[in-house]
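>>> Sequence plus predicted model, see below.
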Amino acid sequence: MSLTTTARIFRNIILPVIVFLPFTITIFNRLFVRLPESSGLPSASFCPAEFEGKSPYQWHYLGGLYPTLETLLCQVITCFAEAVDTERTRYLPYMADFSVSLWIYAAVPFIEAHRVGSSIPSVLVLIIQLLAQYFTGAAMTPIFWIIYFISTYKKDLTVIRKGDADSVFFGTVVGYLLPTVAMLAWPVVPTNYVWQLFPLVIFAAIIPYRLVASKDTYALAGHSSVSSLYVLIFAASLITHLGAFAAHNFNVESFIGDWLALNPLPVKGSSPAGIFIYILQWDGLYIFGSLTVAGVWLTANSILEGVGIIGWFATTYLVLSPGAAVSAIFWWREKKLEGARKAVRK
């Protein structure tokens, strides 16, 4: 085995497991072991295993055919509903801020799955993100990156065709942004339900777009489309972040309390919405943290660049919003890939 092969095995198989698996293990321990012991899950009383239909959130979401899955959906929808509806005045600015920032989390895996030579089918991204709706994106995003880096053991994925990039652009706008706006503007169970299934909606929107898109677009590079999507996410995240800051009357301490879980584990008797926000605070920190680590991995060509990316994330996470911070990192990566491609063509 050559030195180059050994280095690739370490970089693409061993190191990703060492780096990303602790994200999943530690967040799973905090949210699925310590939190239930401390306060109990906030949705348990709304969603008994035996269907009763007394809760406003306990519906036959799957026609009554899969009771266990319906109970899980009820639990997730209850959490969101308590934050965006029941305690709307207190938590809506943060929920809008958080949800729009998550657009980058919804987009990046689908973009990477559509790069030329990718061995990760988009249906795998769909499954991982659907599982994340219950097991949290904090736990599942690192799993995606482990699979991604292992799958690129023998190749680096750098090229994306315009048709594929445009389909993801369209899919995430229709499948993520619009359901997010609907859930925040009309906080009723149906809009909440559709938002929980956003990975499926994105996947479903991508397929018809690819069927009707001009075949000529698949002969062109799609870096500009990807960059444009990241710019749009950056702008949307920044605007909602500033709106949330204004809702706090520009009180820095109060605003930071939304994004960082400064308090200890919630105790029994805490409000369902309060417990859920605590979950989101840790969920967001791990999602955007693991995205940033992946961004360093994919973008940095030197230690200095890597330190710069981490410094950017640390200083802009609260100032510009997590979504803006991470989208800027992946925008830079895309511009570097585009520049390298143009240099080769010359």
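Cool, the structure landed.

>>> what are the ranges of the helices in the stretch 151-300 of the chain?
Under the criterion DSSP state H, counting those that start in this stretch, the stretch 151-300 of the chain contains helices at 162-172, 178-185, 189-196, 198-212, 223-247, 252-259, 272-299.

>>> got the contact list for the next helix or strand after the longest one?
From helix 272-299 onward toward the C-terminus, using DSSP states H and E, the following helix or strand is helix 303-316. Residues outside helix 303-316 that contact it (C-beta atoms under 8 Å, 6 or more residues apart in numbering): 288-289, 292, 295-296, 299-300, 324-326, 328-329. Bear in mind the C-beta positions are built from the backbone N, C-alpha and C, glycine included.

>>> quick one on the thing from earlier: which one of the helices of the stretch 151-300 of the chain lies closest to residue 107?
Ranking the helices of the stretch 151-300 of the chain by proximity to residue 107 (C-beta to C-beta) places helix 162-172 first, at 4.7 Å.

>>> Run the chain-centre distance for that closest one.
Relative to its chain's centre, helix 162-172 lies at 17 Å (C-alpha atoms, centre = their mean, to the nearest Å).

>>> buried stuff in it?
162-172 (16 or more other C-beta atoms under 10 Å).

>>> Kindly report the same for stretch 146-153.
For stretch 146-153, the neighbour count (16+ other C-beta under 10 Å) marks 146-152 as buried.

>>> okay if I get those residues as JSON lines plus pLDDT, secondary structure and distance to residue 334?
What follows is the buried residues of stretch 146-153, written out as JSON lines (pLDDT from 0 to 100; DSSP: H, G, I helix; E, B strand; the rest coil; distance: C-beta to C-beta, whole Å):
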{"residue": "146", "pLDDT": "95", "secondary structure": "helix", "distance to residue 334": "22"}
{"residue": "147", "pLDDT": "94", "secondary structure": "helix", "distance to residue 334": "21"}
{"residue": "148", "pLDDT": "93", "secondary structure": "helix", "distance to residue 334": "16"}
{"residue": "149", "pLDDT": "92", "secondary structure": "helix", "distance to residue 334": "18"}
{"residue": "150", "pLDDT": "91", "secondary structure": "helix", "distance to residue 334": "23"}
{"residue": "151", "pLDDT": "88", "secondary structure": "helix", "distance to residue 334": "20"}
{"residue": "152", "pLDDT": "83", "secondary structure": "coil", "distance to residue 334": "17"}
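
>>> Dump those into a markdown table; add distance to residue 139 as well.
Shown next, in a markdown table, are the buried residues of stretch 146-153 (distance: C-beta to C-beta, whole Å):
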| residue | distance to residue 139 |
| --- | --- |
| 146 | 12 |
| 147 | 14 |
| 148 | 16 |
| 149 | 17 |
| 150 | 18 |
| 151 | 20 |
| 152 | 22 |
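
>>> I'm done for today, thanks for sticking with me.
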